[in-house]
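Trainee: Sequence first, then the predicted structure, then my questions.
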Amino acid sequence: MKRRDFLVNSVSAGLVTGAAVGFGDVASLAAATLQVKNDWDLVAVRDGEPEVMFDRAIASLGGMSKYVKKGQKVVVKPNIGWDVSPERAGNTNPKLVGRIVKHCLDAGASEVYVFDNTCDAWNLCYKNSGIEKAVKDNGGKIVPGNTESYYKAIQIPKGKSLKDAKVHELILNSDVFINVPVLKHHSSASVSLAMKNLMGIVWDRRYWHRNDLHQCIADLVTWRKPTLNVIDGYRVMMRNGPRGVSEADVVTMKQLIVSADIVAADAAAALIFGSKPEDIPHIRIAHEMKLGNMQLDKLKINRIKI
Amino acid sequence: MHKLYWLRLLRIGVSVFFLILTSLIFLDPAQWIPQWVTSAVVWPQFTPSVLKFTVSAGLVAAGFILFTLLAFLFGRVYCSSVCPIGTLQDVISWLRKRLFKQKPLKYAPPQNLLRYLLLALVVISFIFGTSLLVNLLDPYSNFGRIMSNLVRPVFLAGGNGLATLLEKYDIFWMPKSSFKAFDATSIGFASGFILLISWMSFVRGRLFCNTICPVGSLLGLFSRFSIFKISLDKVACNSCGHCSKVCKAQCIDVKSKEVDFSRCIACYNCLDACPSDGVLLSLKRDPHLLISEHGNSDQNKDRRTILKAVMLISAFVSARAFATRVTGGEKPTEIPEDKNNFASPPGSFGHDHFNKNCTACHLCISVCPTHVLQPSFLQYGMHGLMQPYMDYHSGFCNFDCTLCSDICPTGAILPILPEKKKLEQIGIAKFIEKNCVVYTDNTDCGACSEHCPTKAVDMVPYKDGLTIPLVDEKICIGCGACEYACPTKPYRAIFVEGNLLHIQAEVPVHEEIIIEKTEEDFPF
């Protein structure tokens, strides 16, 4: 382990447990390091429970208050696409979603909304994914996205294949946009990650499938980048994605990626999955369109093991 | 006051209660009403319960036995308590009385030839294998179609308005719903039916129940032998005619002091109206009982030509096939989907069983969370008119959902365990490579495989690093997720050919994932 990592990890842990005082010299030294070095491009955490991994990640990025200001409206977009249980890993882990909602509210958010344009029947997805309950338990609002009337037309001037789309009004009306995909295998897009998850904020997905799917995925990012991307790699569907056939498709990996750079986040998650970022067409296209950086060796990455 | 005046109040209470509940189960926007409530509400409905009894005899299908017994005891109790069309007509008659000054009703002679002829036709046609006449005339099923096709869209539109309003105040508990079941046949028939009964009940009370309704005619046959009958006391009755004026069935002849009890719908208005205790509800025994039986027969028809014509027509007529698809610069697909049979819902065994037992009440259409069940036109042929079919342009069958089978009141769709349902093959996916985006555009798509719950549609290597769908028919269950998701137009690149007889698909087998030794570090 590198010295810097050690220091920062210690500080992160300290911040979480509230025991930073006890560290004495190390803590003050680390605090100084933190001031200079906490502008991480990406945080990767592994081997913890979903809530714990997110606590550590967000602390190392300076806390949720760095992204959410008092009185702001936040929209959290997990993957709630399928009517499957959390163990099937077809949707984002409900514990992670609930924890993010809580952090946003603790940071002073006036409202935290959660929605998805689901593939299976929306009310069954919301319920059986466990996300509806997790959001409500943590004080957030779960919002439907099942009819076209929730979606408003936008222009995408920098898009190549996707020039316009209809986007859920919450994305347009919220100050902060937190994108929370689950890392999984995907039959169309190879791997489903942060950029792919944004298909769930638009109404007509068939257009994307007809008009160069990977280009469309990258095009939407030119319109708006999420404030923060949190990729859930706690349980990972290794095949038969994105819906999965049974729990046999799932491997518990206990990983989490957090980054404001959506391309970097996807590149890191792709590597965890076992794919090369440049082999995933939409990651490569987005990198070439300068929407983010898939060359992780050029980035400041905080690696945390729990 | 008549000592049995409370019978009328009881009848009003029960009928209004059932009318409201029966309406609500068809209007529920998002499966809020628990399934057991829905099942309980439809349990007493006569025709569905008879049909269900023929396929699975038991308490769940005993509603008609209760009302048959009641008919032999007290007459046509069904017609004035749980029959929603009966109560609906009463509401119309009541409005007439309130809003329009018209002459009160008076005795009219029975239309025995008409009503028993219709009843005979219904029974005979059913025995010979078609439930079409039952569907067209059954009161509960007609009520269902009125609710599902006419009232539900208005109700949902109102709900959506309310949802939009609440949204402004940041309240989201009321979901918006889309209504997809715009089917001209069903809407037309339901409209025609409500106009007919409105007119009939407006001018002649329960005329429908005593001329056209097969349930009314059948129960009327039974009630000729009722133990307790309404009659006029030859001594106490002074032929004042009060009872006759309030008799919705127009069956009290005060001149001859006779009551045609086969037409009495047990509303008990007369008991309440009689000023001199001249109307009696009294014991009259009759040894002659009549039992009607239903048989089974199979029928097999070649409906290819009709189906193709239907598909062509619907391709032109159905605006919704195109409405949901925003046009892009892409080329239209050229090869029509060669669908010979539409699929019937899981739990229905196949077309024959389903067509024979479904009365097209559209309850399943109303509760289906994915809108895959839609009213048919001629998708099953004429004998299946308005019965629901799996419309994969409207939705697809949710893998874990068995709601339609749980609530079907007629046994056309029988309860099926989720684990069995997940293997019931109601159709098979067919891939048309030359329509596929991967073939035509050389880009990735895979929407069909994404949605496939068994991965019967899998993406296999094609060329230039692309993948293309391949169907494993053995594990395909025909849920239609692939057809629904396929983005090509006007013809899809994958569609489900319905199975006339449902069979069991094989269980998808996947090897265990061998996890390589977990890396201690990050791969970057």
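Mentor: Done, it's in.

Trainee: Give me the neighbour count for residue 213.
Mentor: I'll assume chain A. For A:Leu213, the neighbour count with other Cβ atoms under 10 Å in any protein chain shown is 27. Quick note: C-beta positions are derived from backbone N, CA and C, even for glycine.

Trainee: not quite, I wanted chain B
Mentor: By the criterion of other Cβ under 10 Å, B:Cys213 has 27 neighbours.

Trainee: State the pLDDT value of it.
Mentor: Predicted confidence (pLDDT) for B:Cys213: 96.

Trainee: pLDDT score for residue 247?
Mentor: Just so you know, I chose chain A. If you check A:Glu247, the pLDDT there is 92.

Trainee: sorry, should have said chain B
Mentor: So, for B:Cys247, pLDDT stands at 93.

Trainee: which residue ranges form the strands in the chain?
Mentor: The chain I'm using is chain A. Along chain A, counting by DSSP state E, strands occupy A:42-46, A:73-78, A:111-114, A:141-142, A:151-155, A:164-168, A:176-180, A:182-186, A:190-192, A:228-237, A:250-259, A:301-305.

Trainee: meant chain B, my bad for not saying
Mentor: Using DSSP E, strands in chain B cover B:228-232, B:252-253, B:258-259, B:279-283, B:373-375, B:388-390, B:424-431, B:457-461, B:467-471, B:494-504.

Trainee: And stretch A:64-78, what's buried?
Mentor: A:64, A:67-68, A:72-78 (16 or more other Cβ atoms under 10 Å in any protein chain shown).

Trainee: who wins for proximity to A:Ile201 among the strands of chain A?
Mentor: With Cβ to Cβ as the measure, strand A:164-168 is the member of the strands of chain A nearest A:Ile201 (5.2 Å).

Trainee: wait, which of the strands of chain A is closest to B:Ser449?
Mentor: B:Ser449 lies closest to strand A:182-186 among those, at 9.5 Å (Cβ to Cβ).

Trainee: on that earlier part again, lowest-confidence stretch among the strands of chain B?
Mentor: Across those, the lowest-scoring stretch is strand B:279-283, with a mean of 75.

Trainee: Okay, now the sheet partners of it, with direction.
Mentor: Here strand B:279-283 is paired, per DSSP bridges, with strand B:228-232 (antiparallel).

Trainee: Restrict the strand it pairs with to CA atoms and write it as CSV.
Mentor: C-alpha atoms of strand B:228-232 as CSV (Å, rounded to 0.1, in the frame of the first residue of the first chain):
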residue,chain,number,x,y,z
PHE,B,228,-91.4,-18.8,-1.2
LYS,B,229,-93.3,-16.7,-3.8
ILE,B,230,-94.7,-13.3,-4.1
SER,B,231,-98.4,-13.4,-4.6
LEU,B,232,-101.6,-11.3,-4.1
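
Trainee: Give me the contacts around that strand.
Mentor: For strand B:228-232, contacts defined as Cβ atoms under 8 Å, 6 or more residues apart in numbering or on different chains pick out B:73-75, B:223, B:243, B:252, B:254, B:257-259, B:261, B:264, B:270-271, B:278-284.

Trainee: Which residue is the nearest non-sequential neighbour of whatever residue of the stretch 51-200 of chain A ends up closest to chain B?
Mentor: Ranked by Cβ to the nearest Cβ, the top residue of the stretch 51-200 of chain A for proximity to chain B is A:Ser188, at 3.1 Å. Distance criterion Cβ to Cβ, 6 or more residues apart in numbering or on different chains; nearest residue to A:Ser188, sequence neighbours excluded, is B:Gly446 at 3.1 Å.

Trainee: That neighbour contacts B:Leu466, correct?
Mentor: No: using Cβ atoms under 8 Å, B:Gly446 is not in contact with B:Leu466; the gap is 9.5 Å.

Trainee: Find the residues that touch each one of these two.
Mentor: B:Val438.

Trainee: Looking at those two, which is more packed in?
Mentor: Counted by other Cβ under 10 Å, B:Gly446 and B:Leu466 do not tie: B:Gly446 has more neighbours, with 27 against 17.

Trainee: residues contacting that one?
Mentor: Counted by Cβ under 8 Å, 6+ apart, B:Gly446 has contacts A:186-189, A:209, A:213, B:438, B:459, B:467, B:469.

Trainee: just to revisit the earlier point, just the buried ones from the contacts of strand B:228-232, in ChimeraX syntax?
Mentor: Here is the ChimeraX command that selects the buried residues among the contacts of strand B:228-232 (16+ other Cβ under 10 Å):
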select /B:74,75,223,243,252,254,259,261,264,270,271,278,279,280,281
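
Trainee: Now render the buried residues of stretch A:64-78 as a markdown table, adding pLDDT and distance to B:Ser394.
Mentor: Converted to a markdown table, the buried residues of stretch A:64-78 look like this (pLDDT from 0 to 100; distance: Cβ to Cβ, whole Å):
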| residue | pLDDT | distance to B:Ser394 |
| --- | --- | --- |
| A:Met64 | 96 | 42 |
| A:Tyr67 | 96 | 41 |
| A:Val68 | 96 | 40 |
| A:Gln72 | 97 | 40 |
| A:Lys73 | 97 | 35 |
| A:Val74 | 98 | 35 |
| A:Val75 | 98 | 30 |
| A:Val76 | 98 | 31 |
| A:Lys77 | 98 | 27 |
| A:Pro78 | 98 | 27 |
